[in-house]
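1. Next come a sequence and a model predicted from it.
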Amino acid sequence: MSIMIKQLTLVVQLQNYHIFLLLEFHILSTQQQRTCINEKKEAIEALAANPSDENFEIQSQKYNTTIRNLKRWFNQGYVRKQGCGRKRVNPQAVSELEQWILSETKKGGKKITRDFIKSKALEIFNSDTFKASKMWMDKFLSEYDIKFKVQTILQEHGCLSKLQEVKFKQEQNSRREKESESLETKRLVKKESQEQIKTDLNLKQGFEEKVYVEDFFLDQDAVNLFSDSFEIQSGQNQVELQQFSEQYIPKLTFLGDSYEEIYHIYFSYYYSYKYDIILSMIFFLKSFYKLMKYSLLIIFVLISITLTQQTPEQHLKKELLKRVANYVGVELPHDLHLFCLPCKLMMKQVQKFSKNTLLTIIKKEYLALCPHFYNMPHCLGKSRQYHDEFAVHFIEQRFCITYRNYLKPSNACQLLGACKLEHHPQTLKEYINEVMHDKLTKQQQQSWKEQAEALLINNEDYKVVQYTDLHIDTEYTEGADAFCDAPLCCRKEYGTPKDPSKGAQYWGTLASCDLPFRTVQNLLEFTKEQIKPDFIIWTGDSIAHDVWQQLESNQTVPTRIITEEIQKTMPTTQMYAMYGNHEAYPAEQYDMKGESSQWLRDETAEMWKQYLSQEAYYQLRRNGYYSQVDEKRNLKVIALNSQAYDYDNFFLMEGVTDPRGMLKWLVEELYDSESKNQFAIIIAHIPPGDISCNTQWADRFSVVIERFEHVVSGLFYGNNSLILGHTHSDQISHIRSRIDGRYIKTLYIAPSVTTFTRYNPSFRVFQFNGKTNQIIDYSQYRLDLAKANKEGQNAILNWDIAYNFLEYYGLQSSSIEDVSTLGYKMRHDEEILKKYIYSYATGSEARYNQYLKDLKKLFLKKGTRNYYICGVETATYDDWFSCIGFIESLQDSAQIRYKIYELFYGKWLKD
């Protein structure tokens, strides 16, 4: 800890802001682009015509290079160097291997596996030192573009599947676009960049009170690291810094050899900026980097960030740092923001250390611990290919995105209080005032409703089918072990059980198993013949739960299979679809801000293109969410991407505040509907009250729904227009007013089609009033698996109506006034409570009995009842947490995970 503070404070000695200006100028001037042969030739010809010092200066600025380089070009000429760099190992053998791969692909009409390539490489190279390692293999395949060449051959011979064909054409088009970029365009971009740097430098030289130090230590992708200003506010700060240094220098002797380096660098900064500043900084960072390897430093930084994040008051942050400084035996300067630059320099070094060292440790520990919970195939993946990609993506993304984000210099130093906040937290009260300021009065809402009703063209009632969480398993095997020790069973790889009754059944199994595709095919046929829906809502999650062996290349294959089956079975039926958390790769990890998840947006937009308007199609591709209007019913369907508020999506740690502007866009869409007297329904995957939902997002979503309750409810305050999935259970919950606590909307949360884990396959049919666009009722359908499996392969499946909502719970209507009484009924009527729990378990006796058993064991008597009742009466997890009671909630281990997430995701910031 003391090492970190001592090293951090050293950089503070850079008191003279002229030094920073010189440092910036030196670095910016040395950040050169490589000069092409033609530019060298032009420069040499210009210098040959006029070799004066003044012309050397002119050419130096023109080509953004040093005079020393120009003199070297002038003396040596501009002939391209030969033989530079490291020679390839046996290039003839590499070429021979490439030709062999392509010829074998043509012969066999399929890809050559890595194992075959490796064995052939060992044969061709024939060297004791050559091992054909994975690193070499990756480099070879990438450098020689083997994958694309093989895909080209397979495409020419018609050996690609439909999905592979689509991906190949996308890659082909992408390459053509890149090739079409002219060299002249690139040169202009380069020159503009150079001119911008010079312009920025000239502007900076005009400042006397502030010096802005741009990002000069980070990679190109780390932009605007040093966006904060480094302020020299008064002479008092100068004096304090000097006094600080007098305390600090004598304490460096314990560093031994490092002390001499640092001491020399300190005086090179302090007394004369004419020293080679760049060289001094490099020496400093080298010695500093050695000290960063102490784990105590990492622990201190994480603890400090955690504490200060929960301490918004600036004086408390200062107090925290002062205590650390007192422990070291020095005093902090008056203005803590003087620490901004050195803090960022320090955090960058910590990032570099943690990126490699900690990732290695985490991978090692993961592989050591995982077999204690699951069998080895799950931990390593079914093959080396699966394991390598899983380890890199799953571990690195889930942990290192989090870790590196919290050690990101700009974020960490703001949290520590060393740098000024770029954005300020926005309280829920402030958001309520912002959104609710123009809410319509009750009289205005009633008038709006009457005008909207008058616009309805079709007054007939209509039916809407909802599917969610289908999770088909293409490797489902009848007879396989259904109760294995892996997270997902019913697969051939886990063998057959000694007891045949514990084997996978033909139509599905109530165990840790997903559903065979044939059951989904039967479901679609049943829907077509018996339900005849007016349109379909599909709220995501189609791929099996085998997350440890998934690859990006096959992540959307189940979604495509189901989409094509729906198109074939019900070709004229409209569908509104949105993907869930499992469609992302790895599962949950969806990049809302960047472009690393663009592949998912592109693929789903293409496969659902026939259902989307042109605008909806481009919205889905661009943002990952969309809206579309059903003109016939004067109804707008808004499909939200729940990965924007999924706590398990670690990408959100880069910024939890309204990722990709979805919440702001939702407000705009509802304003648009309000202005057009148009109703709206909202579909999404993860419900706002789910444990994985960011409560700050859910709170603000509730405010938006309250503002537009007359629009979103259909016609008036009473019906549901939020249709969600994800939980696999059969649930409802209620959004309540953030102002007066009244019930605003009912959220209908449908159970899953998959049996994972031990749920009966289910789907839901809503009946809408065509004159009001209000939900009249809904019917819950289930498949009796025991009966279906008993009849076997030739069974005619009968998806039975398990219950009708209003009749089942004894409600008069679907209005908010009636449905919101369900919580009250459950509190005072044991039979109603048991009915709800039974439907929550989708009629699965095993699930139902286990729920009752677990709740009696885990919760107090009051908590047993509140667990479900509070779920009905609230729509955010924090509200549920408050409703159930603190003591009862502590007995659920999920609360700990949720509170940790709340801590690390930080506060909602104002744009």
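-> Received it, and whenever you're ready, just let me know what you need.
2. can you pull out the helices in the stretch 451-600 of the chain?
-> Counting by DSSP state H, counting those that start in this stretch, the stretch 451-600 of the chain has helices at residues 517-526, 557-569, 598-607.
3. quick one, which of those is nearest to Ser447?
-> With Cβ to Cβ as the criterion, Ser447 lies closest to helix 598-607 of the helices of the stretch 451-600 of the chain, at 38.2 Å. (Each C-beta comes from the backbone N, C-alpha and C, glycine too.)
4. angle of the next helix or strand after the closest one against helix 598-607?
-> Downstream of helix 598-607, the first helix or strand assigned by DSSP states H and E is helix 614-623. Put simply, helix 614-623 runs at 160 degrees to helix 598-607, going by axes from the mean of the first three to the mean of the last three Cα atoms, to 10 degrees.
5. And helix 614-623, what's buried?
-> Neighbour-count burial for helix 614-623 flags 616-617, 619-621, 623 (criterion: 16 or more other Cβ atoms under 10 Å).
6. got a list of what Tyr838 touches?
-> Tyr848 (Cβ atoms under 8 Å, 6 or more residues apart in numbering).
7. Let me know the secondary structure of it.
-> helix (DSSP: H, G, I helix; E, B strand; the rest coil).
8. repeat for Ile735
-> strand.
9. Roughly how far does Lys106 sit from Thr755?
-> Distance, Lys106 to Thr755, using Cβ to Cβ, to the nearest Å: 44 Å.
10. Between those two, which is the more surrounded one?
-> Thr755 (31 against 13; other Cβ atoms under 10 Å).
11. ok, and the closest non-adjacent residue to that one?
-> Of all residues not flanking Thr755 in the chain, Gly508 sits nearest, at 4.8 Å (Cβ to Cβ, 6 or more residues apart in numbering).
12. Please report how far that neighbour lies from Asn789.
-> Per Cβ to Cβ, Gly508 is found 8 Å from Asn789.
13. which residues touch the residue nearest to Thr755?
-> By Cβ under 8 Å, 6+ apart, the residues touching Gly508 are 515-516, 519, 755, 761, 783, 785, 788-789.
14. repeat that with 10 Å
-> 473, 476, 490, 514-516, 518-520, 753-756, 759-761, 783, 785, 788-789 (Cβ atoms under 10 Å, 6 or more residues apart in numbering).
15. Ok, Gln151 next?
-> Gln151 makes contact with 105, 111, 145, 159-160, 164-165, 167-168, 171-172 under the criterion Cβ under 10 Å, 6+ apart.
16. what's the answer for Arg621, then?
-> Counted by Cβ under 10 Å, 6+ apart, Arg621 has contacts 598, 601-606, 609, 612.
17. In TSV, list the residues you listed along with neighbour count and pLDDT.
-> What follows is the contacts of Arg621, written out as TSV (neighbours: other Cβ atoms under 10 Å; pLDDT from 0 to 100):
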residue	neighbour count	pLDDT
Gln598	13	93
Arg601	20	95
Asp602	16	95
Glu603	22	95
Thr604	22	96
Ala605	19	96
Glu606	15	96
Lys609	13	96
Leu612	20	97
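18. Would you write a ChimeraX line that selects the buried entries of the contacts of Gln151?
-> Selecting only the buried entries of the contacts of Gln151 in ChimeraX, with 16+ other Cβ under 10 Å as the criterion:
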select :105,111,159,160,167,168
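19. coming back round to it: and the pLDDT for the residue nearest to Thr755?
-> Predicted confidence (pLDDT) for Gly508: 95.
20. Relative to Tyr836, how far out is it?
-> Going from Gly508 to Tyr836 by Cβ to Cβ gives 24 Å.
21. likewise Lys664?
-> Distance from Lys664 to Tyr836, by Cβ to Cβ: 36 Å.
22. higher neighbour count, these two?
-> Tyr836 (23 against 12).
23. wait, that one sits on Gly810?
-> No: in terms of Cβ atoms under 10 Å, Tyr836 does not count as a neighbour of Gly810; the distance is 11.8 Å.
24. quick revisit: output the contacts of Arg621 as TSV; include the columns distance to Gln850.
-> Output for these, formatted as TSV (distance: Cβ to Cβ, whole Å):
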residue	distance to Gln850
Gln598	41
Arg601	39
Asp602	41
Glu603	38
Thr604	35
Ala605	40
Glu606	42
Lys609	43
Leu612	41
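25. For Lys120, which non-adjacent residue is closest in space?
-> The spatial neighbour of Lys120 that comes closest, neighbours along the chain excluded (Cβ to Cβ, 6+ apart), is Trp100 at 5.9 Å.
26. is it true that the one you found lies in a strand?
-> No: counting by three-state DSSP, Trp100 falls outside a strand, being helix.
27. Let me see the contact set for it.
-> Counting by Cβ under 10 Å, 6+ apart, Trp100 touches 112, 116-117, 120-121, 123-124.
28. What separation do you get for Asp469 and Leu806?
-> From Asp469 over to Leu806 (counting by Cβ to Cβ), the distance is 25 Å.
29. Give me the more crowded residue out of those two.
-> Each of Asp469 and Leu806 has its neighbours counted (other Cβ under 10 Å); Asp469 has more, 25 against 16.
30. Let me know the pLDDT of the nearest residue to that one once chain neighbours are set aside.
-> With sequence-adjacent residues excluded and distances taken as Cβ to Cβ, 6+ apart, Asp469 is closest to Ser752, at 3.5 Å. pLDDT recorded at Ser752 is 93.
31. tell me which element Ser752 is part of?
-> Using DSSP H and E, Ser752 maps to neither a helix nor a strand.
32. Cross-check the contact I'm expecting between it and Tyr759.
-> Yes: Ser752 is within contact range of Tyr759, at 5.8 Å (criterion: Cβ under 10 Å).
33. can you list residues touching both of the two?
-> Common neighbours of Ser752 and Tyr759 (Cβ under 10 Å, 6+ apart) are 469, 728-730, 842.
34. Would you reformat the residues you listed as a markdown table and include pLDDT, secondary structure and distance to Ala577?
-> Below are the shared contacts of Ser752 and Tyr759 laid out as a markdown table (pLDDT from 0 to 100; DSSP: H, G, I helix; E, B strand; the rest coil; distance: Cβ to Cβ, whole Å):
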| residue | pLDDT | secondary structure | distance to Ala577 |
| --- | --- | --- | --- |
| Asp469 | 93 | coil | 13 |
| His728 | 77 | coil | 18 |
| Ser729 | 86 | coil | 21 |
| Asp730 | 90 | coil | 21 |
| Thr842 | 91 | coil | 22 |
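35. Can you tell me which of the residues you listed are buried?
-> Buried among the shared contacts of Ser752 and Tyr759 by 16+ other Cβ under 10 Å: 469, 728-730, 842.
36. which residues of the stretch 701-850 of the chain fall in strands?
-> For the stretch 701-850 of the chain, the strands defined by DSSP state E, counting those that start in this stretch occupy 722-724, 731-736, 743-749, 762-769, 774-783, 799-804.
37. mind checking which of those is nearest Met826?
-> strand 731-736 (11.1 Å).
38. what are the pairing partners of the closest one, and which direction each?
-> Strand 731-736 has the following strand partners under DSSP bridges: strand 743-749 (antiparallel).
39. Flag every buried residue along the partner strand.
-> By neighbour count on 16+ other Cβ under 10 Å, the buried set for strand 743-749 is 743-749.
40. now, which of those sits nearest Ala680?
-> Closest approach to Ala680 among the buried residues of strand 743-749 (Cβ to Cβ): Lys745, at 11.9 Å.
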